[in-house]
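K.L.:
Below is the sequence, then the predicted model.
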Amino acid sequence: WTWIIQRASFCGRQVLMDFHSIFAAHDRGAKGWLTRREFALATLALLGTKPSKIEVNEFMPPKGIEPTGMTLERFEATMSRRVALHEDERVRQTFEVFDQRHAGFLTLADLELVARACAPHLSSSVLAAAFREIDSDGDGRVSYRDFVTMMNTPA
């Protein structure tokens, strides 16, 4: 499943979890904090989307508070929450790639349809074995909850 999902998940790239290196790469002059623009660019580098001005204002400290930007500690706390939300959305979007019938669950036919487009060399027996591994109750359906569990389980 993991390999098929990685190939099928065109909704985003793997999120880089190294907040320190992202922060350092965007902290021009190594001043110890990010300006609004640097924060926006760091968010783009981390999540693949640039925050709106409203989002930047929401996360940045009010003007007049020292330092005038976002510290590493605040960046880590803010980005931890954003990455978690981003990952939840990525999982939901990936599920929707497989659930093309919008049934709210996946069948072996759904897996085979996506696998034929993304990994045509995988045999039906391999796909069936992968499906059985995730179908926790053996009813021939993978619920969204089962899918989330599988996505959050280390390979």
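P.N.:
Ah, there it is. This one's a predicted model, so the numbers in the text were calculated from it and none came from an experiment.
K.L.:
what is the rounded mean pLDDT of the lengthiest helix in the chain?
P.N.:
Ranked by residue count under DSSP state H, the longest helix found in the chain is helix 72-98. In this model, helix 72-98 has an average pLDDT of 84.
K.L.:
which secondary structure elements does the helix or strand that that helix is followed by contact?
P.N.:
Downstream of helix 72-98, the next assigned helix or strand under DSSP states H and E is strand 105-106. If you count contacts as 3 or more Cβ pairs under 8 Å, 6 or more residues apart in numbering; DSSP states H and E, strand 105-106 packs onto strand 142-143. C-beta here means a position set from N, CA and C on the backbone, and glycine is covered the same way.
K.L.:
contact partners of the strand it packs on?
P.N.:
104-107, 131, 134-135, 150 (Cβ atoms under 8 Å, 6 or more residues apart in numbering).
K.L.:
List only those of the residues you listed flagged as buried.
P.N.:
105-107, 131, 134-135, 150 (16 or more other Cβ atoms under 10 Å).
K.L.:
Show me which of the residues you listed is closest to residue 31.
P.N.:
The shortest approach to residue 31 among the buried ones among the contacts of strand 142-143 belongs to residue 150, at 43.1 Å (Cβ to Cβ).
K.L.:
so the closest one is in which element?
P.N.:
helix 144-152.
K.L.:
Show residues contacting that helix.
P.N.:
1, 5, 91, 94-95, 98, 104-106, 134-136, 142.
K.L.:
from the contacts of strand 142-143, which is closest to residue 40?
P.N.:
For these, the nearest to residue 40 is residue 150 (33.8 Å; Cβ to Cβ).
K.L.:
Which positions in stretch 113-127 come out as buried?
P.N.:
In stretch 113-127, the ones that count as buried by 16+ other Cβ under 10 Å are 114-115, 118, 122, 127.
K.L.:
Let's have these in a markdown table, adding pLDDT and secondary structure.
P.N.:
Below are those laid out as a markdown table (pLDDT from 0 to 100; DSSP: H, G, I helix; E, B strand; the rest coil):
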| residue | pLDDT | secondary structure |
| --- | --- | --- |
| 114 | 88 | helix |
| 115 | 86 | helix |
| 118 | 81 | helix |
| 122 | 88 | coil |
| 127 | 91 | helix |
